[in-house]
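K.L.:
Here is my input, please return the structure:
(one chain, ligands or ions: 2)
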Amino acid sequence: MRAAVLGEFNQDLCIETVADPECPDNGVVLEVAACGVCRSDYHGWTGGHPKVRPGDILGHEYCGTVVEAGPQARHRAGDRLIAPFILGCGTCPLCQAGTSNACEGAVVPGFGAPGAYAQYVAVPYDHNLVHLPDTMAPALAAGLGCRVTTAWHALTDRSQVRAGEWVAIHGTGGIGLSALLLAKMLGAQVVVVDVVEEKLAHALSLGADAAVNATKEDVAQAIRDLTGGGAQVSVEALGIAQTTNASVECLATLGRHVHVGMPSGDGMMTVNMRAIYSKQLAFYGTRGMPGWKYPRLLDMIARGEVDLSPMVAREISLSDAGAELAAMSGPTSPGTAVITDLAS
Ligand SMILES: [Zn+2]
Ligand SMILES: [Zn+2]
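P.N.:
Ligands and ions are numbered 1, 2, ... in the order given. Down below sits the predicted model:
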């Protein structure tokens, strides 16, 4: 099969012919229909993710059609499926409690197992996968494996956003845009923060109530002024110290910070603990979404309660993926790229 292999960190991906994946006994092989290009991939590509080494195949936001099913698989050849990026084992106490996104034995294709920047991907623990609605385009569905589901879980489970609350969103990449669209659906007021004016304008056109340019304003002060004392919930969607501090500092007393952005490197950063302590904030980490939450989310999208199509800015070919990753080292344009042409 054709695959985009990480030859060396920070170098263009190598388009190579590699062996087709072997089908796991407890899972399936998917013919990849689409795979999103995510900032987490960028961390892997730069050497900033502990599980990504040269020779690996990235790609964790995928959907596709089953071409082979193992003897213990739940799904069958021909099934059109979407995967949460964290594949919980299904049997440990965390999985059995419904929190498979926290499973310690989870497999994550693209981070420690071959990913979906390829024509085929092996997916163990296929009980995590769900059927894709016929009406949903693969490019949109691919984003559901990571950004949309992560944002949904951050808002509805971790920070428990309520209608009428102010939600601040730091970073308007894939996670940030998803969080904006979903928070608006939940009835929240949303202020977005970025350093790229074009992305702020894009977010405003998609329903954001206010926007703050971090290169021009003191973000935390601007948000406290806009919201009359601070946001109730703040979503950190980048993973760096500057946005983490802006997030805790922009919150109202008893506010909830939810940390979605993956910290790079060893993860150490200096955080304003006085803001957390004196305002008695909650600080939530979050990662992924358990697969059982998919059906309700997919139903809401299918019913048209939220339109996530503005998230997909570009459909690209496999050989363009390296350039998309390289572009993330600077300011990026609005929306996200999804690989939909796996053959070229
Ligand atoms: Zn991702
Ligand atoms: Zn488990």
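K.L.:
which residue packs closest to the closest residue to ligand 1 within the stretch 101-250 of the chain, ignoring adjacent ones?
P.N.:
In the stretch 101-250 of the chain, no residue comes nearer to ligand 1 than residue 146, which is 3.1 Å away by C-beta to the ion. (Glycine included, C-beta is placed from N, CA and C.) Distances taken as C-beta to C-beta, 6 or more residues apart in numbering place residue 61 nearest to residue 146, at 4.2 Å, with adjacent residues excluded.
K.L.:
pretty sure that neighbour contacts residue 82?
P.N.:
No - contact between residue 61 and residue 82 fails when scored by C-beta atoms under 8 Å: they sit 9.6 Å apart.
K.L.:
Find the nearest non-adjacent residue to the closest residue to ligand 2 within the stretch 201-344 of the chain, please.
P.N.:
Among the residues of the stretch 201-344 of the chain, residue 290 lies nearest to ligand 2; the distance is 10.2 Å by C-beta to the ion. Nearest-residue entry for residue 290: residue 100, 4.5 Å, with adjacent residues in sequence omitted and distances by C-beta to C-beta, 6+ apart.
K.L.:
of residue 61 and residue 82, who's got more company?
P.N.:
Relative neighbour count places residue 61 above the other of residue 61 and residue 82, with 32 against 28, counting by other C-beta atoms under 10 Å.
K.L.:
Could you report the pLDDT at residue 135?
P.N.:
According to the prediction, residue 135 has pLDDT 89.
K.L.:
do the same with the one 5 residues further on
P.N.:
We have a pLDDT of 91 for residue 140.
K.L.:
mind checking how far whichever helix or strand it is part of is from the chain centre?
P.N.:
Per DSSP states H and E, residue 140 falls inside helix 138-143. The chain centre lies 12 Å from the centre of helix 138-143; the measure is C-alpha atoms, centre = their mean, to the nearest Å.
K.L.:
repeat for stretch 274-284
P.N.:
25 Å.
K.L.:
first vs last residue of that stretch, how far apart are they?
P.N.:
17 Å (C-alpha to C-alpha, to the nearest Å).
K.L.:
Give me the buried positions along it.
P.N.:
Within stretch 274-284, the residues that qualify as buried are 275-276, 281, 283-284, counting by 16 or more other C-beta atoms under 10 Å.
K.L.:
Flag every residue of the protein that's near ligand 2.
P.N.:
By the rule C-beta under 5 Å from the ion, the part of the chain lying against ligand 2 is 88-89, 92, 95, 103.
K.L.:
Most neighbours among these, please name it.
P.N.:
residue 88 (27 neighbours).
K.L.:
Ignoring the adjacent residues along the chain, who's closest to it?
P.N.:
With C-beta to C-beta, 6+ apart, the residue lying closest to residue 88 is residue 100, at 2.7 Å.
K.L.:
Can you give me the pLDDT of that neighbour?
P.N.:
If you check residue 100, the pLDDT there is 97.
K.L.:
Just list the residues touching it, thanks.
P.N.:
Residues in contact with residue 100, defined by C-beta atoms under 8 Å, 6 or more residues apart in numbering, are 84, 86-90, 94, 106, 128, 290-292.
K.L.:
out of everything not next to it in sequence, what's closest to the most centrally placed residue in the chain?
P.N.:
Ranked by distance to the mean C-alpha position of the chain (C-alpha atoms, centre = their mean), the top residue is residue 147 at 2.6 Å. Leaving aside its chain neighbours, residue 147 sits nearest to residue 174 (3.8 Å; criterion: C-beta to C-beta, 6+ apart).
K.L.:
Could you verify my assumption that the one you found touches residue 39?
P.N.:
Yes - the pair residue 174 and residue 39 qualifies as a contact (C-beta under 8 Å) at a distance of 7.2 Å.
K.L.:
more neighbours, the two?
P.N.:
Neighbours around residue 174 and residue 39, counted as other C-beta under 10 Å, are more numerous at residue 174. The numbers are 28 against 23.
K.L.:
How much space separates that one from residue 271?
P.N.:
Plainly put, residue 174 is 24 Å away from residue 271 if you go by C-beta to C-beta, to the nearest Å.
K.L.:
Regarding the chain, what is its longest helix?
P.N.:
Longest helix in the chain by number of residues (criterion: DSSP state H): helix 174-185.
K.L.:
circling back: which one among the residues of the chain next to ligand 2 gets closest to residue 312?
P.N.:
Taking C-beta to C-beta as the measure, residue 88 is the one of the residues of the chain next to ligand 2 closest to residue 312, at 26.8 Å.
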